[in-house]
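S.K.: Below is the structure, and that's it, no one-letter string:
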């Protein structure tokens, strides 16, 4: 990683372990939105079902133990007790599977609450820092050192507000969901944010965060604008070929329901270096564990003995498939 780049209730599971799931509050706080309250009500309902299923499972396990007590001193287990034990074990296994499904639903609802709260907080931010257009207007109003900080806030809010893909059971994540690449014929639209490999003013090739201005279908080249205008009187515009563009994902992947749509441990990626608008080669240290979580990545950096920087967190939105390009 170059140092001088362009931009500086408690529910017990079967067995001895237990899982603690926080229940919803007894009364709705005044700042809880209707959408959050709705998810909390659903969570309360699922927790109740889980508790009921847990009790059914415990009763079945008690029955199994009693049956074993009855036959432990018998020289030979009768066909009746064999069949009874078999049915009890089948029922216990089915109850455990149902409880597991309900526990997974509980965890999913907790993640939904986190996402909803994050979106509410993002929408509550001052309007002047909520989108790129407002940021640009501030850029030209003489705010000086506030420029980069405002842009970083906007980019982080985009990551927080990114939609989470919710598919039907068994449905595969679509292109541009998490790590799933775009279709070969996919065409980025104007105003889409992308990673673009451009030649900077000092002649260096670099992956930057850019916004699509237009696409020429005759020569298959994009016209893109550098997202970061700091230090320049005019916006920097580049013309690049399609193979030098990597679109940002449209959806976040849910690690609980679609872990296959996340980059794997040690996988090579392009990742946005924190507090900059440049992408660099990196490897995945660990993928997010929950929908509101971030990737932990190691950036390539020859100044470290291992060849990689310490682990840094990067949102799903800004971790992309690695694309090698030939230098002109």
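M.R.: Yep, it's here. Note that this is a predicted model, so its numbers are computed, not measured. Numbering: from 1, shown residues only.
S.K.: Show me what counts as buried in the biggest strand by length in the chain.
M.R.: In the chain, taking DSSP state E as the definition, the longest strand is strand 205-216. Within strand 205-216, the residues that qualify as buried are 206, 207, 208, 209, 210, 211, 212, 215, counting by 16 or more other C-beta atoms under 10 Å. Just so you know, the C-beta spots here come from the backbone N, C-alpha and C atoms, and that holds for glycine as well.
S.K.: Could I get the residues you listed in CSV, plus columns for pLDDT and distance to residue 187?
M.R.: Converted to CSV, the buried residues of strand 205-216 look like this (pLDDT from 0 to 100; distance: C-beta to C-beta, whole Å):
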residue, pLDDT, distance to residue 187
206, 94, 24
207, 96, 20
208, 96, 20
209, 97, 19
210, 96, 15
211, 95, 15
212, 95, 9
215, 92, 6
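S.K.: Same list (those residues) but as a markdown table, adding distance to residue 256.
M.R.: Output for the buried residues of strand 205-216, formatted as a markdown table (distance: C-beta to C-beta, whole Å):
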| residue | distance to residue 256 |
| --- | --- |
| 206 | 36 |
| 207 | 31 |
| 208 | 33 |
| 209 | 29 |
| 210 | 33 |
| 211 | 32 |
| 212 | 32 |
| 215 | 36 |
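S.K.: one step back: so which elements touch the helix or strand just after the longest strand of the chain?
M.R.: Following strand 205-216 in sequence order, the next helix or strand is strand 221-226 (DSSP states H and E). Contacts defined by 3 or more C-beta pairs under 8 Å, 6 or more residues apart in numbering; DSSP states H and E place strand 221-226 against strand 193-199, strand 205-216, strand 237-241.
S.K.: how far does the shortest one sit from the chain's center?
M.R.: Strand 237-241 has its average C-alpha position 30 Å from the chain's average C-alpha position, going by C-alpha atoms, centre = their mean, to the nearest Å.
S.K.: can you list the residues that contact it?
M.R.: 196-199, 210, 213, 220-226 (C-beta atoms under 8 Å, 6 or more residues apart in numbering).
S.K.: now with 6 Å?
M.R.: For strand 237-241, contacts defined as C-beta atoms under 6 Å, 6 or more residues apart in numbering pick out 196, 198, 221, 222, 223, 224, 225.
S.K.: if we can go back for a sec, what's the closest of the buried residues of strand 205-216 to residue 75?
M.R.: Nearest to residue 75 among the buried residues of strand 205-216 is residue 207, at 76.0 Å by C-beta to C-beta.
S.K.: May I have the beta-bridge partners of that closest one?
M.R.: residue 197, residue 279 (DSSP bridges).
S.K.: before we move on, what about the one 5 residues further on?
M.R.: Judged by DSSP bridges, the bridge partners of residue 212 are residue 224.
S.K.: So it sits against residue 190, correct?
M.R.: Yes: look at residue 212 against residue 190 with C-beta atoms under 6 Å: they come within range, at 5.5 Å.
S.K.: coming back round to it: give me the helices and strands touching the longest strand of the chain, please.
M.R.: strand 193-199, strand 221-226 (3 or more C-beta pairs under 6 Å, 6 or more residues apart in numbering; DSSP states H and E).
S.K.: okay, the angle between that strand and strand 193-199?
M.R.: With axes from the mean of the first three to the mean of the last three C-alpha atoms, to 10 degrees applied, the angle from strand 205-216 to strand 193-199 works out at 120 degrees.
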